[in-house]
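Colleague: model this:
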Amino acid sequence: PVKMVPGKGITRGGEPYFVKGAGGEKHLEELVAAGGNSIRTWTTNGLAEILDDASKQGLTVCAGIWLEPECSWFSYANSKHCAKQIARVVNEVVKHRNHPALLFWGLGNEVEGDGNNAAYWKQLEVLAQVVKALDPAHPTFTAVAGLSSEKAKGLNEHTPSLDFVGINTYAALNSLRKHLEKVGWRRPWLVTEFGPRGFWESPRAPWGAPIEQTSGEKAKFILKAYEAAILPGGDCWGSYVFLWGQKQEATSTWFGIFTDRGESTAVRDAMHELWKGVPPSERAPDIAKLTSEVAKKEIAASSEFQAQAEASDPNGDVLSWHWTVTAESAGRDKQGKERVTPPLAECLMKAEGAYASFRAPKKPGEYRVHLRVTDTHQHAATANFPFKVVEP
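Modeller: Okay, the predicted model is just below:
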């Protein structure tokens, strides 16, 4: 069982346990090799298999139970809706509570809105009591999108039974400890999601396209913020970096610590350094800069342009350069998930290592040039810039 030691964190099986975690359930061997000890899920979909896979690698699982947001068919003010939700949560907990890899129960992820819905916090308290009665061996929490003073107030007034709060925070991670003092948070906490600067908090091109950090910039950003906010411990029980895998969100590389081809980036190296105290011997390449006369600019349809980059490898490995152009967005599928943006092969005229020539698409719209630089050991560096095509 997991035991809580006030001001000192938690123990698991009698040993002190600091969460060195990642969101996602892929690349588990690489997670262990980097010094990670836990993974986080957002729903119980496929949880039995995820728990078994984690167990084989000696990892724990922070199991998320999805809670409905306020919407046209679910309201926290409706007792029938809430009763149905309680029954579903009970079912999930009973099904998985005895698994040896289980660490925490996460009740909902970013369901709280602006934090002023008292009915939601009250339901959360009921759920926390129910889960603790069924499974006292695994602490419970909810994950909030940043801990605003309204959210801290709602949690403090209505949810005494939650053991800690999970905070999802990106650009603001560096100053999180000061912020928690300001909002009067006195209970334990975990950073349940962190990573690079989010697309919603990044500088933008004139038409609104977000500017993504390079993989190397992300690694430096995360190192600094982790050292300031998470490493000191105390009431912080650890964290889950986002995302130990790859997904299309704003771009194909924004949050992924791995590429869609399974190569790891500098963020994996940064986590290895933070978790183990030393950087890995074999590290990802770094793109020092990516420049073009059309970066963040509007250009005429079918016009030609160039891009160039500087990259190096800390181990002196031979580098390969992969240039592509994609549309900024391919829309969303029926489930609301972003569709993958396929490369537009006709746009790449010539690529010679660090230099590439392109022809802009014929169709006006928003696009992005992507560069992926790989070494000979399944490591990659990524960078991109947006541009906009207009009628000539």
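Colleague: can you give me the helices for the stretch 51-200 of the chain?
Modeller: Per DSSP state H, counting those that start in this stretch, the stretch 51-200 of the chain has helices spanning 79-96, 118-134, 149-158, 176-182. These are given in chain order.
Colleague: could I get these as TSV with mean pLDDT and distance to Arg197?
Modeller: Every C-beta, even on glycine, is put in place using the N, C-alpha and C of the backbone. Conversion of those to TSV gives the following (pLDDT from 0 to 100; distance: least, Cβ to Cβ, whole Å):
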stretch	mean pLDDT	distance to Arg197
helix 79-96	98	34
helix 118-134	98	28
helix 149-158	97	21
helix 176-182	97	14
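Colleague: how about CSV for those helices, with mean neighbour count and distance to Lys276 added?
Modeller: Shown next, in CSV, are these (neighbours: other Cβ atoms under 10 Å; distance: least, Cβ to Cβ, whole Å):
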stretch, mean neighbour count, distance to Lys276
helix 79-96, 15, 30
helix 118-134, 19, 33
helix 149-158, 18, 33
helix 176-182, 16, 23
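Colleague: of all the ones you listed, which one is nearest Ala351?
Modeller: Smallest distance to Ala351 across these (Cβ to Cβ): 41.6 Å, for helix 176-182.
Colleague: hmm, who's touching the closest one?
Modeller: Residues from elsewhere that reach helix 176-182, judged by Cβ atoms under 8 Å, 6 or more residues apart in numbering: Leu147, Ser149, Ile167, Thr169, Ala172, Trp189, Val191, Ala228, Ala229, Pro232.
Colleague: just those now: which is nearest Glu338?
Modeller: Nearest to Glu338 out of the contacts of helix 176-182 is Thr169 (Cβ to Cβ; 21.9 Å).
Colleague: that closest one contacts Thr192, correct?
Modeller: No: Thr169 is beyond contact range of Thr192, at 9.1 Å (criterion: Cβ atoms under 8 Å).
Colleague: more neighbours, those two?
Modeller: Higher neighbour count among Thr169 and Thr192: Thr192, with 30 against 23, using other Cβ atoms under 10 Å.
Colleague: how many neighbours does the residue nearest to the more buried one when sequence neighbours are not counted have?
Modeller: Closest residue in space to Thr192, ignoring its immediate chain neighbours: Gly166 at 3.3 Å, by Cβ to Cβ, 6 or more residues apart in numbering. Gly166 has 27 neighbours, counted by other Cβ under 10 Å.
Colleague: before we move on, the earlier item: please identify which of the helices of the stretch 51-200 of the chain is closest to Trp323.
Modeller: Nearest of the helices of the stretch 51-200 of the chain (Cβ to Cβ): helix 176-182, 37.4 Å.
Colleague: now do that closest one: distance to the chain's middle.
Modeller: 21 Å (Cα atoms, centre = their mean, to the nearest Å).
Colleague: got the CA positions of it in CSV?
Modeller: C-alpha atoms of helix 176-182 as CSV (Å, rounded to 0.1, in the frame of the first residue of the first chain):
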residue,chain,number,x,y,z
LEU,A,176,4.5,27.1,-9.6
ARG,A,177,5.8,27.0,-6.0
LYS,A,178,5.3,30.8,-5.6
HIS,A,179,1.9,30.5,-7.2
LEU,A,180,0.8,27.8,-4.7
GLU,A,181,1.7,30.0,-1.8
LYS,A,182,-0.3,32.8,-3.4
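Colleague: just checking: what are the partner strands of the helix or strand of the chain with the lowest mean pLDDT?
Modeller: Using mean pLDDT, DSSP states H and E, strand 2-5 stands out as the lowest-scoring helix or strand of the chain, at a mean of 94. Sheet partners assigned to strand 2-5 using DSSP bridges are listed as strand 9-12 (antiparallel).
Colleague: buried residues in the strand it pairs with, which are they?
Modeller: Gly9, Ile10, Arg12 (16 or more other Cβ atoms under 10 Å).
Colleague: next one: stretch 14-33
Modeller: Within stretch 14-33, the residues that qualify as buried by neighbour count (16+ other Cβ under 10 Å) are 17-25, 27-28, 30-31.
Colleague: in helices, which of the residues you listed fall?
Modeller: Judged by DSSP state H, the subset of those located in helices is Leu28, Glu30, Leu31.
Colleague: what's the closest of those to Lys334?
Modeller: Leu28 (30.1 Å).
Colleague: geometric centre of the chain: which residue is closest?
Modeller: Phe242 (2.3 Å; Cα atoms, centre = their mean).
Colleague: my read: it touches Pro196, true?
Modeller: No: between Phe242 and Pro196 there is no contact under Cβ under 8 Å: 9.1 Å.
Colleague: between these two, what contacts are shared?
Modeller: Joint contacts of Phe242 and Pro196 (Cβ under 8 Å, 6+ apart) are Phe255.
Colleague: flag the shaky bits of this protein, pLDDT-wise.
Modeller: In the predicted model of the chain, no residue satisfies pLDDT under 70.
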